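Trainee: The sequence and its predicted three-dimensional model are supplied below.
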Amino acid sequence: MNMNKTRHVVAIVDDDPRLLESMGDLLESAGYVARSFSSAGSLLVNGLSDLDLLITDIGMPGIDGFELRDLVRKSRPELPVFMITGRHEIADQGRAQGASGFFRKPFDAQALLAAIANALHKSTDGG
């Protein structure tokens with residue numbers, strides 16, 4: 001692994017603190033910098049400029065995952081956005097299209113990490 005490459009920053013947005021913690025641990029263990037946000041609003045206030053990938057829950061109070069994805073698209077169209085949901089009916093809707101990755105809770109940690117690595121590889125490739 002190339003050590004002078006800066007670590008990728010992955011933001012996680014979820015109103016479930018347990019999921020934020022476990023997801024943060026998972027990402028850190030895989031070598032990413034994890035930034036946890038309990039709402040879309042706190043992420044947006046913090047800014048998107050240094051993020052390499054975003055993982056958001058869909059069903060959140062206030063700005064939900066779909067609205068967040070649309071807002072992110074306006075300012076960072078190239079930023080990969082992964083969506084997770086515990087509500088299976090949402091996952092089957094057409095609105096899920098346009099996400100880089102789509103995961104249902106409980107998700108497979110290895111599958112998620114593989115998808116993240118793949119998305120980051122694609123975005124650093126310039127294609």
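Mentor: The structure has been received and is ready for your questions. None of the values given here were measured: they were computed from a predicted structure.

Trainee: What mean pLDDT does whichever helix in the chain runs longest get?
Mentor: Counting residues, the longest helix found in the chain (DSSP state H) is helix 109-125. Mean pLDDT, taken over the full extent of helix 109-125, equals 87.

Trainee: Just the C-alpha atoms of that helix, please, in PDB.
Mentor: Provided in PDB are the C-alpha atoms of helix 109-125 (Å, rounded to 0.1, in the frame of the first residue of the first chain):
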ATOM      1  CA  ALA A 109     -19.500  -5.600   5.800                       C
ATOM      2  CA  GLN A 110     -17.200  -7.100   3.200                       C
ATOM      3  CA  ALA A 111     -19.500  -6.400   0.300                       C
ATOM      4  CA  LEU A 112     -19.800  -2.800   1.500                       C
ATOM      5  CA  LEU A 113     -16.100  -2.400   1.800                       C
ATOM      6  CA  ALA A 114     -15.500  -3.900  -1.700                       C
ATOM      7  CA  ALA A 115     -18.100  -1.600  -3.200                       C
ATOM      8  CA  ILE A 116     -16.500   1.400  -1.500                       C
ATOM      9  CA  ALA A 117     -13.000   0.500  -2.800                       C
ATOM     10  CA  ASN A 118     -14.500   0.000  -6.200                       C
ATOM     11  CA  ALA A 119     -16.200   3.400  -6.300                       C
ATOM     12  CA  LEU A 120     -13.200   5.200  -5.000                       C
ATOM     13  CA  HIS A 121     -11.000   3.500  -7.500                       C
ATOM     14  CA  LYS A 122     -13.300   4.600 -10.300                       C
ATOM     15  CA  SER A 123     -13.500   8.200  -9.100                       C
ATOM     16  CA  THR A 124      -9.700   8.500  -8.800                       C
ATOM     17  CA  ASP A 125      -9.300   7.000 -12.300                       C
END
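
Trainee: Can you show me the helices along this structure?
Mentor: Counting by DSSP H, the chain has helices at residues 17-29, 40-46, 65-75, 88-91, 109-125.

Trainee: Which one, of the ones you listed, ends up nearest to residue 54?
Mentor: Distance to residue 54, taken as Cβ to Cβ, is lowest for helix 65-75 among the helices of the chain, at 6.2 Å. In this view, the C-beta of every residue, glycine as well, is placed from N, C-alpha and C.
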